[in-house]
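Enquirer: next one to model:
(2 chains)
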Amino acid sequence: MAQTAITPTRSENYPEWYQEVIKAADMAENSPVRGCMVIKPWGYAIWENMQKVLDQKFKDTGHVNAYFPLLIPLSFLEQEAEHVEGFAKECAVVTHHRLKAGPDGHLIPDGKLEEPLIIRPTSETIIGHMYAKWVKSYRDLPVLMNQWCNVMRWELRTRLFLRTAEFLWQEGHTVHATNKEAQEETLKMLDVYADFAENVMAMPVIKGMKTADERFPGAVDTYTIEAMMQDKKALQAGTSHFLGQNFAKASGIKFLSAEGKEEIAWTTSWGVSTRLIGGLIMSHSDDDGLVLPPRLAPLHVVILPIYRTEEEKSQVLGYVESLAIELKAQHFFEGRVQVRVDTRDLRGGEKAWQYIKQGVPVRVEVGPRDLAKNEVFVGRRDKGVKEKTSMPRAEFVNSITGMLNEIQQTIYDRALARRTENMKKINSLKEFEEFFGGSEESQAGGFAFVHWNEAAMGHEILAKLKVTPRCIPLNAEKESGTCIFTGKPSERRVIFAKAY
RNA sequence: CGGGGAGUAGCGCAGUUUGGUAGCGCAUCUGGUUUGGGACCAGAGGGUCGCAGGUUCAAAUCCUGUCUCCCCGACCA
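Expert: Coordinates of the predicted model:
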């Protein structure tokens, strides 16, 4: 028998382990279409839970949902210079609208389009186009909209959830009368993301501003939440952009102020994607597979009935059905406790391992012996596979909500402790190189807090180590120092890391 | 687009150097034995060996062309 459910383990081969966790949990797989994934029910259920919580947060902050088209006229992309440069290389282009049978029987494109269409890599331009029509007066502002959709970016190298050619996300797009209001919106949504990451995903994040080089194409400022994965690499988990008047100018979003003066509007955009699922996996999972924070788990408790004879079967099933009803009546987070009784004709061990690999927070085994004592045998995903305990049925039912909250807290604490251990203030180039372990790919180092001057961008050591500036932390205290690359004075530290 | 590697059963692979008519493990199905833990025994089903052409009595194997995928790099949420 294998020591762990997942081979290789994290320490043996982290990237391979990641792929195997997804496979073992039955979350997604590659599709026949290059770079595109099929999200299977277990993975999709997690996404649905993310959507549900985020959507409510958006609505609570005054936003409404709408839907804009998948296809965007090519000319729209040309409106904003930096935006073109940022996305042109990764656009899928639609050039025809019909197929006809070719001489060899194969279908060939026919009906060439006057103007090619691109499949949206993001929707600033087409939404801006519509906003320009909708916004006439200061009374029309602010516009606070979001859309849940898919986008496509022709990535050259893809990985399930972390980077796929097509991915699911939400993109918020807002229009404001003033610079100040738009900046406040940008930071407000960054807070929404950070709150979601930490309190729902149990994934600690650092809020920060992107350096100029890492900014969204066309944005004035890009803010990010950065998380540290178990291999100490950084994951950009969500971004919120202050677009200034760049896109408003490009799309012609103008309005008449209360004073009757024509003004150019201020816009923002912000998004998180199915990449969050990749972050979730790499934040908590272990060598036995996925570990889910209870607040996002599609299933909280799985009950595994154990019996041999038909007589035992009917007794045990009767017992667990009523147990399931009691558990389902319990509240947890923003709903009820989700319970499944697994009566499939499979061996007990096989079933138990399936749920371990899928990250279900609590497993309950109930057999004739437990029945006799009116007890249940409980295993938790945040504890060892064999670390299971008996407890009276009533006590279990009464404590399930608390237990789920405890698991949520435990995995957050673990992730936070791991991050804390791997963050370091670094004051010299030599120390910096050592931290990131030369050119060794396995040496991710962690988060390095260093004094840095933007003039050092492109420094050969950064390229050699494959390290990039992740963000300027928002809560960073002012601290005088000198840039470790250029020796120029610096007022605060920037986080550097290897990143996904 | 550069540099490597691979396409053989649903999945993972061997066989290719030295041509001889297709094999292993897992999974699936059947029967039996098991059962507080990812079972065991016996049997069964399933493949025009990526595609096209060529050499040959004979091609998974040799030759030519072609397509696809994976890894490393550039690009990136």
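
Enquirer: relative to RNA strand B, how far out is residue A:131?
Expert: Using Cβ to the nearest atom of the strand, to the nearest Å, we find residue A:131 at a distance of 22 Å from RNA strand B. In this view, the C-beta of every residue, glycine as well, is placed from N, C-alpha and C.

Enquirer: ok, and the closest non-adjacent residue to that residue?
Expert: Excluding the flanking residues, the one nearest residue A:131 by Cβ to Cβ, 6 or more residues apart in numbering is residue A:253, at 5.0 Å.

Enquirer: what's the burial count for the one you found?
Expert: By other Cβ atoms under 10 Å, the residues close to residue A:253 number 26.

Enquirer: I'd guessed it sits against residue A:140; true?
Expert: No - with contact defined as Cβ atoms under 8 Å, residue A:253 does not reach residue A:140; the gap is 10.1 Å.

Enquirer: quick one: low-confidence ranges for chain A?
Expert: Residues of chain A meeting the criterion pLDDT under 70: A:1-3, A:103-106, A:438-443, A:458.

Enquirer: how far does the helix or strand hosting residue A:352 sit from its chain's centre?
Expert: Assigned by DSSP states H and E, residue A:352 belongs to helix A:348-358. Helix A:348-358 has its average C-alpha position 26 Å from the chain's average C-alpha position, going by Cα atoms, centre = their mean, to the nearest Å.

Enquirer: repeat that for stretch A:335-346.
Expert: Its chain's C-alpha centre and that of stretch A:335-346 lie 27 Å apart, by Cα atoms, centre = their mean.

Enquirer: ok, residues contacting it?
Expert: Stretch A:335-346 has contacts (Cβ atoms under 8 Å, 6 or more residues apart in numbering) with A:297-305, A:317, A:320-321, A:324, A:327-331, A:351, A:355, A:400-401, A:404.

Enquirer: between the two ends of that stretch, how far is it?
Expert: Stretch A:335-346 stretches 30 Å from its first residue to its last (Cα to Cα, to the nearest Å).

Enquirer: anything in the lengthiest helix in chain A near RNA strand B?
Expert: Ranked by residue count and defined by DSSP state H, the top helix of chain A is helix A:393-421. No - using Cβ under 7 Å from any atom of the strand, helix A:393-421 stays clear of RNA strand B, coming no nearer than 12.6 Å.

Enquirer: strand partners (parallel or antiparallel) of the helix or strand just after that helix?
Expert: Next helix or strand after helix A:393-421 toward the C-terminus (DSSP H and E): strand A:423-426. Sheet pairing of strand A:423-426 (DSSP bridges) gives strand A:447-451 (parallel).

Enquirer: returning to that earlier point: just the CA coordinates for the helix holding residue A:352, please, in CSV.
Expert: Output in CSV follows, covering the C-alpha atoms of helix A:348-358 (Å, rounded to 0.1, in the frame of the first residue of the first chain):
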residue,chain,number,x,y,z
GLY,A,348,-15.3,0.9,2.6
GLY,A,349,-11.7,1.8,2.2
GLU,A,350,-12.1,2.7,-1.4
LYS,A,351,-14.9,5.1,-0.6
ALA,A,352,-13.0,6.7,2.4
TRP,A,353,-10.0,7.3,0.2
GLN,A,354,-12.0,8.9,-2.5
TYR,A,355,-13.3,11.5,0.0
ILE,A,356,-9.9,12.1,1.5
LYS,A,357,-8.6,12.8,-2.0
GLN,A,358,-11.5,15.1,-2.7
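
Enquirer: summarise which helices and strands that helix is packed against.
Expert: Applying 3 or more Cβ pairs under 8 Å, 6 or more residues apart in numbering; DSSP states H and E, we find helix A:348-358 packed against strand A:301-305, strand A:362-366.

Enquirer: return the most buried member of the ones you listed.
Expert: Neighbour counts averaged per stretch over those are highest for strand A:301-305, at a mean of 24; criterion: mean count of other Cβ atoms under 10 Å.

Enquirer: that strand to strand A:362-366, inter-axis angle?
Expert: Strand A:301-305 runs at 20 degrees relative to strand A:362-366, counting by axes from the mean of the first three to the mean of the last three Cα atoms, to 10 degrees.

Enquirer: so what are the sheet partners of strand A:301-305 and their directions?
Expert: When pairs are called by DSSP bridges, strand A:301-305 turns out to pair with strand A:339-341 (parallel), strand A:362-366 (parallel).

Enquirer: what's the closest of those to RNA strand B?
Expert: The closest of the strands paired with strand A:301-305 to RNA strand B is strand A:362-366. By Cβ to the nearest atom of the strand, the value is 3.8 Å.

Enquirer: the closest one versus helix A:348-358: what angle between them?
Expert: Between strand A:362-366 and helix A:348-358, the angle formed by their directions is 170 degrees, by the same axes, to 10 degrees.

Enquirer: the inter-axis angle of strand A:362-366 versus helix A:393-421?
Expert: 150 degrees.

Enquirer: next one: strand A:362-366 to chain centre, how far?
Expert: That offset, for strand A:362-366, works out to 30 Å (Cα atoms, centre = their mean).

Enquirer: what's it in contact with?
Expert: For strand A:362-366, contacts defined as Cβ under 8 Å, 6+ apart pick out A:300-306, A:316, A:319-320, A:323, A:348, A:352, A:355-356, A:376-381, A:388, A:396, A:400, A:403-404, A:407.
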